[in-house]
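1. Structure of the sequence below:
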Amino acid sequence: YIFAIYVILQPIIDVFTSLTTRAGISVTPGVVIRTLLMIYAFFYVLFVSDFKEKKLSVIYVLCISAYILVFLAYMYKVGGMSNFIGNLKETVKTFFFPYVAVFAFALYREYGYTISVKALSISAFIYTGIIFIAYVTGTSFVTYHSGYGYSGWFYAANEISDIIAIIAPVAIFTAVGYLHTPDEHKWKTGLAVG
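-> Down below sits the predicted model:
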């Protein structure tokens, strides 16, 4: 259930990441949490998991990890700790998906585990709710200097737009499913999720 919790908490993590980035703090909650999840995924795939395609998955994870270590060592050598930390953030962003994809694949092959539609829908609701509240209260960050485009309290509008674009169809599908249910409680839930 670590994925479901992570998916649901992701919008909150992104808000805190945005606020710390805007405050000039280089090590953000997003970087710390994603790095820890990547490390967990690494050790899980290498030492805990047991599934048919494990050897290929281990080779894949080891190759990515070796590249990251060499890259970050080089960044440290040419620019010191500030260069290392600056590049660590972008490296985590770049390689987070491959680690988590292999981790998710391992969980799926071992246990048939997938992230629930409900968790994705809740996350979509929180993302869009935060943007709406920030816009209505006039506290939203403006994404462009021309004054068009609002990102709520999030930092990277394009990334948040991508996330919403990917999970919005799931949320809409879930909401429509609730709306077709004659149960009044489920119908209200469908309106909220949608």
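2. Quick check on Tyr150: phi, psi?
-> Here is the backbone geometry of Tyr150 (degrees, to the nearest 10): phi -120, psi 140.
3. so who does the closest residue to it other than its chain neighbours touch?
-> Leaving aside its sequence neighbours, Tyr150 sits nearest to Ser140 (CB to CB, 6 or more residues apart in numbering; 4.2 Å). (Each C-beta comes from the backbone N, C-alpha and C, glycine too.) Each residue near Ser140 by CB atoms under 8 Å, 6 or more residues apart in numbering is listed here: Ile131, Ala134, Tyr150, Ser151, Gly152, Trp153.
4. can we see that at 7 Å?
-> Counting by CB atoms under 7 Å, 6 or more residues apart in numbering, Ser140 touches Ala134, Tyr150, Ser151, Gly152.
5. which strands and helices sit next to the helix or strand hosting Ala101?
-> Using DSSP states H and E, Ala101 sits within helix 54-111. In terms of contacts (3 or more CB pairs under 7 Å, 6 or more residues apart in numbering; DSSP states H and E), helix 54-111 is packed against helix 29-43.
6. Flag every buried residue along the helix it packs on.
-> Buried positions in helix 29-43, judged by neighbour count with 16 or more other CB atoms under 10 Å: Pro29, Gly30, Val31, Ile33, Arg34, Thr35, Leu37, Met38, Ala41, Phe42.
7. quick one: which of these is nearest to Phe96?
-> Among those, Arg34 lies closest to Phe96 (CB to CB), at 5.0 Å.
8. And for stretch 45-64, what's in contact with it?
-> Phe42, Phe95, Pro98, Tyr99, Val102, Phe103, Phe105, Ala106, Arg109, Glu110.
9. who wins for neighbours among the residues you listed?
-> Tyr99 (25 neighbours; other CB atoms under 10 Å).
10. mind listing what that residue touches?
-> Tyr99 is in contact with Met38, Ala41, Phe42, Val61, counting by CB under 7 Å, 6+ apart.
11. ok, those residues vs Glu159, which is closest?
-> Met38 (17.4 Å).
12. Please determine how far that closest one is located from Ile8.
-> Taking CB to CB, to the nearest Å as the measure, Met38 falls 19 Å from Ile8.
13. least confident pick among the contacts of Ser140?
-> On pLDDT alone, Tyr150 ranks lowest of the contacts of Ser140, at 77.
14. residues in contact with that residue?
-> Ile131, Tyr135, Ser140, Val142, Thr143.
15. Neighbour-wise, which one of those residues leads?
-> Highest neighbour count within the contacts of Tyr150: Ile131, with 21 neighbours (other CB under 10 Å).
16. Pretty sure it sits against Gly149.
-> No. With contacts counted by CB atoms under 7 Å, Ile131 stays clear of Gly149, the gap being 10.9 Å.
17. will you turn the contacts of stretch 45-64 into JSON lines that also has pLDDT and distance to Gly86?
-> Shown next, in JSON lines, are the contacts of stretch 45-64 (pLDDT from 0 to 100; distance: CB to CB, whole Å):
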{"residue": "Phe42", "pLDDT": "96", "distance to Gly86": "22"}
{"residue": "Phe95", "pLDDT": "94", "distance to Gly86": "16"}
{"residue": "Pro98", "pLDDT": "95", "distance to Gly86": "21"}
{"residue": "Tyr99", "pLDDT": "95", "distance to Gly86": "20"}
{"residue": "Val102", "pLDDT": "96", "distance to Gly86": "26"}
{"residue": "Phe103", "pLDDT": "94", "distance to Gly86": "26"}
{"residue": "Phe105", "pLDDT": "95", "distance to Gly86": "31"}
{"residue": "Ala106", "pLDDT": "95", "distance to Gly86": "31"}
{"residue": "Arg109", "pLDDT": "95", "distance to Gly86": "36"}
{"residue": "Glu110", "pLDDT": "94", "distance to Gly86": "37"}
